[in-house]
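Colleague: Take a look and give me a structure for this.
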Amino acid sequence: MLSINGTIAYTICMHPLSVFPSLLTYELLAPMLLRVAVAVYILFVAWIKYKTPQKILATIFAVLGLLLFVGLYTQVAALLAIIFLCWDLFQNIKKHGVTLEQKMIFTFVIVILISLLFTGPGFLAFDLPL
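Modeller: The predicted structure follows:
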């Protein structure tokens, strides 16, 4: 309550209701789960690329996947992963096309990488906050 000139005014507090408010104490867990999931996907892409003549691209994906997995230089690795995944997608579209499912997975991975770019690595990472 707030008193202005002898009158009582109620202040409206912006407290969003949450079904499980105790889970909000683990807010760094979500970026970690997203980071690890995308890292596993990128490592899988690296493994597939390693079976083809694209060994350099496979090595780049493997390094980026490992950096994301351990949470080291996460924002730089996310930005580079976005660039190399986009380049790889355009190369696949030119060569033999991609299915709708591949486009959707690519979109989800890019959105997760963009969110990691802004939120940081989350819990259990070697990145130090600035």
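Colleague: do you know how far residue 22 is from residue 28?
Modeller: Separation of residue 22 from residue 28 (CB to CB, to the nearest Å) stands at 15 Å. For the C-beta atoms, the positions are set from N, CA and C on the backbone; glycine is no exception.
Colleague: Also residue 39?
Modeller: Residue 39 is 16 Å from residue 28, by CB to CB.
Colleague: From the neighbour counts alone, determine which of those two ranks first.
Modeller: residue 39 (22 against 14; other CB atoms under 10 Å).
Colleague: my guess is that one contacts residue 61, does it?
Modeller: No. Judged on CB atoms under 8 Å, residue 39 makes no contact with residue 61 at a distance of 10.5 Å.
Colleague: what stretches of this protein score poorly on pLDDT?
Modeller: 1-16, 128-130 (pLDDT under 70).
Colleague: would you list every one of the helices in it?
Modeller: 29-50, 55-70, 74-95, 100-119 (DSSP state H).
Colleague: which residues does residue 109 contact?
Modeller: Shown in contact with residue 109 (CB atoms under 8 Å, 6 or more residues apart in numbering): 38, 41, 42, 85.
Colleague: Oh, that last question was meant for residue 112, not what I typed.
Modeller: 34, 37, 38.
Colleague: change it to 10 Å
Modeller: Contacts for residue 112 (CB atoms under 10 Å, 6 or more residues apart in numbering) come out as 31, 33, 34, 35, 37, 38, 41, 78, 81.
Colleague: Please report the distance of it from residue 30.
Modeller: Counting by CB to CB, the gap from residue 112 to residue 30 is 11 Å.
Colleague: Would you quantify the distance from residue 48 to residue 92?
Modeller: 11 Å.
Colleague: whoops, I mixed them up, residue 114
Modeller: Taken as CB to CB, the span from residue 114 to residue 92 is 21 Å.
Colleague: Equivalent analysis for residue 31, please.
Modeller: 28 Å.
Colleague: which of the two has more neighbours?
Modeller: residue 31 (21 against 13).
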